[in-house]
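*Asks:* 3D model of this:
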Amino acid sequence: MKLLAIVQGNYGKRMVEAWQAHGPAQWEIATLGIPTALPTMMEDPAEFLPRDIPKADLVISLGENPGVAELLPAIVKAAGASAVIAAVDNRAWLPPGLAKQLERVFQKMGVSIIFPVTFCALKEDDAHDPLIQEFARLFGDPEIEIAVENDRVKEVRVIRSAPCGSTYFVAEALKGTKTQDAEEKSGILHHNYPCLATMNMDRQFHDTLMHRAGYFTKQAVNRALKK
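*Replies:* Numbering: from 1, shown residues only. Reported below is the predicted structural model:
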């Protein structure tokens, strides 16, 4: 599978580094850098498009500016992609109204698109598209296995990591932790990585997206310990 990640700063760079380090060797991962200084409204988005856009099967938008959404349809068309993941770790970067507009545009283009809020909420069964499902099998809602010895965490195996790679960091740091403390400690470790989601209060979830992301990590530990 050919992936194209649209990046504007450290947020996107860390994601791509995690996929390169822990994703399958057969994945071809390219990045498309977009300037951070984009106008909110663009009369002609083509003026701001990079000249050379790599071909890809799946485009993953990690923009840190709502202007990226204006460019996304043209980028996807130039890349020849058939599926898109537009991560929402900050509503300011991709407001709900703009997401709805994109959904309608891509529906007309015959391109699948999904908007996980947060990116680590992504599950394989959230989409019917096989490309999105392939990515979600390895990156999205964290899933781990924990081996316990004498009421302490002996080993942690990552089955699916949060897209930022934080699950691997948490897994390594949990070794030796008392099982009764592991869930709470995982939440702290998640924030220490640090989490890339915003600390702004979200109207839909009545909590910050950073706390929502931390919940997925703690939930993964809780499920593993119950097994």
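
*Asks:* helix or strand with the lowest mean pLDDT in this structure?
*Replies:* Between all helices and strands in the chain, the lowest mean by mean pLDDT, DSSP states H and E belongs to strand 201-202, at a mean of 90.

*Asks:* and for the next helix or strand along the chain from that strand, what's in contact with it?
*Replies:* Sequence order places strand 207-208 as the next helix or strand after strand 201-202, per DSSP states H and E. Contacts to strand 207-208, defined as C-beta atoms under 8 Å, 6 or more residues apart in numbering, come from residues 197-202. Backbone N, C-alpha and C define where each C-beta goes, glycine included.

*Asks:* strand 207-208 pairs with which strands?
*Replies:* Strand 207-208 has the following sheet partners, assigned by DSSP bridges: strand 201-202 (antiparallel).

*Asks:* tell me the secondary structure at Ile60.
*Replies:* Here Ile60 is strand, with the state taken from DSSP: H, G, I helix; E, B strand; the rest coil.

*Asks:* pretty sure it sits against Ala87.
*Replies:* Yes: using C-beta atoms under 8 Å as the test, Ile60 is close enough to Ala87 to be in contact (7.0 Å).

*Asks:* mutual contacts of the two, please.
*Replies:* Going by C-beta under 8 Å, 6+ apart, residues that sit against Ile60 and also against Ala87 are Met15.

*Asks:* so where is this structure shaky, pLDDT-wise?
*Replies:* Applying pLDDT under 70 to the chain picks out residues 39-46.

*Asks:* what residues go with each domain of the chain?
*Replies:* What automatic domain parsing lists as the domains of the chain is 2-138, 143-226.

*Asks:* packing partners of the helix or strand where His190 lies?
*Replies:* Assessed by DSSP H and E, His190 sits inside helix 179-192. For helix 179-192, the packing partners by 3 or more C-beta pairs under 8 Å, 6 or more residues apart in numbering; DSSP states H and E come out as strand 152-160, helix 166-173, helix 209-226.

*Asks:* mean neighbour count, these: which tops it?
*Replies:* Most buried of the helices and strands packed on helix 179-192, by mean neighbour count (mean count of other C-beta atoms under 10 Å): helix 166-173, with a mean of 22.

*Asks:* how close does Glu103 get to Asp202?
*Replies:* Taking C-beta to C-beta, to the nearest Å as the measure, Glu103 falls 19 Å from Asp202.

*Asks:* neighbour count: these two, which is higher?
*Replies:* Looking at Glu103 and Asp202 with other C-beta atoms under 10 Å, you find the greater number of neighbours at Asp202, namely 19 against 13.

*Asks:* now the end-to-end length of stretch 58-76.
*Replies:* 9 Å (C-alpha to C-alpha, to the nearest Å).

*Asks:* can you check stretch 59-74 too?
*Replies:* Taking C-alpha to C-alpha, stretch 59-74 runs 12 Å from one end to the other.

*Asks:* in its sheet, what does whatever helix or strand Val148 lives in sit against?
*Replies:* Assigned by DSSP H and E, Val148 belongs to strand 143-149. Within its sheet, strand 143-149 is paired with strand 152-160 (antiparallel), according to DSSP bridges.

*Asks:* all good on my end, thank you.
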